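*Asks:* Quick one: sequence and predicted model below, then my questions.
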Amino acid sequence: MMTLTLRIVLVVASALVLVLVVRKIRNSKVRLEDTLFWLLLAFALLVVSIFPQIFDFLSEAAGIYSTTNFVFLFFIFVLLIKCFTMGIQISQLDIRVKELTQYLAIEKFERRMNDEGIIDGCESKDKTNAKAGSEVEKAS
C-alpha cells in the first residue's frame, strides 16, 4: 500500500515536471522527442499517484513486498533507459562533430592550396609536396 505522503510527493513531482517541460517548450529549448518522454513520465507519475492500486498490483506480480520499493525501482529503471538512449545520442553526435571537423579541415586546406596557386600548377611539384606536407602537419 502506498502511503499518503508518497502519493502527495508523486503528485507534486509530476506537476513540477509538467510545468518545467511546458516552460521549456515555450522557450524552444528542448527537442520534441525529449519533450514526449518527459510528458509521458509526468503523466505516468500523475496516474500512479491518483490510482496507487496499479503499483500495488505490479509490485505483487513482481514479488516485491513493498510498493514504495517498486515505485523507486520502476522509475530508476526508466531513468536508466533514458540515460542509455541519451548516451547513444551523444556518441552519435560526437562522431558527427569529428567527421564535420575533418571535412572542414580538408576544405580549408584545399581552399588555401587553391588560393596559393599550388593546385593550378603555378609552382613545381617538389614545392607543392613540401608545402602540402607542412600544411597537413599544421592542420592536424
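*Replies:* Sure thing, it's come through.
*Asks:* The host helix or strand of Glu99 packs against which elements?
*Replies:* Assessed by DSSP states H and E, Glu99 sits inside helix 67-115. Applying 3 or more Cβ pairs under 8 Å, 6 or more residues apart in numbering; DSSP states H and E, we find helix 67-115 packed against helix 4-26, helix 32-50, helix 53-62, helix 125-139. (C-beta placed from N, C-alpha, C; glycine too.)
*Asks:* Reformat the ones you listed as JSON lines; add mean pLDDT.
*Replies:* JSON lines is the format used below for the helices and strands packed on helix 67-115 (pLDDT from 0 to 100):
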{"stretch": "helix 4-26", "mean pLDDT": "82"}
{"stretch": "helix 32-50", "mean pLDDT": "81"}
{"stretch": "helix 53-62", "mean pLDDT": "88"}
{"stretch": "helix 125-139", "mean pLDDT": "53"}
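*Asks:* out of the ones you listed, which comes closest to Gln92?
*Replies:* Taking Cβ to Cβ, helix 32-50 is the member of the helices and strands packed on helix 67-115 nearest to Gln92, at 13.2 Å.
*Asks:* What residues of the closest one count as buried?
*Replies:* For helix 32-50, the neighbour count (16 or more other Cβ atoms under 10 Å) marks 37-38, 41-42, 44-46, 48-49 as buried.
*Asks:* Hey, what's the angle from it to helix 4-26? Just curious.
*Replies:* Counting by axes from the mean of the first three to the mean of the last three Cα atoms, to 10 degrees, helix 32-50 lies at 160 degrees to helix 4-26.
*Asks:* what about helix 32-50, distance to the chain center?
*Replies:* Averaged C-alpha coordinates place helix 32-50 at 17 Å from its chain's average position (Cα atoms, centre = their mean, to the nearest Å).
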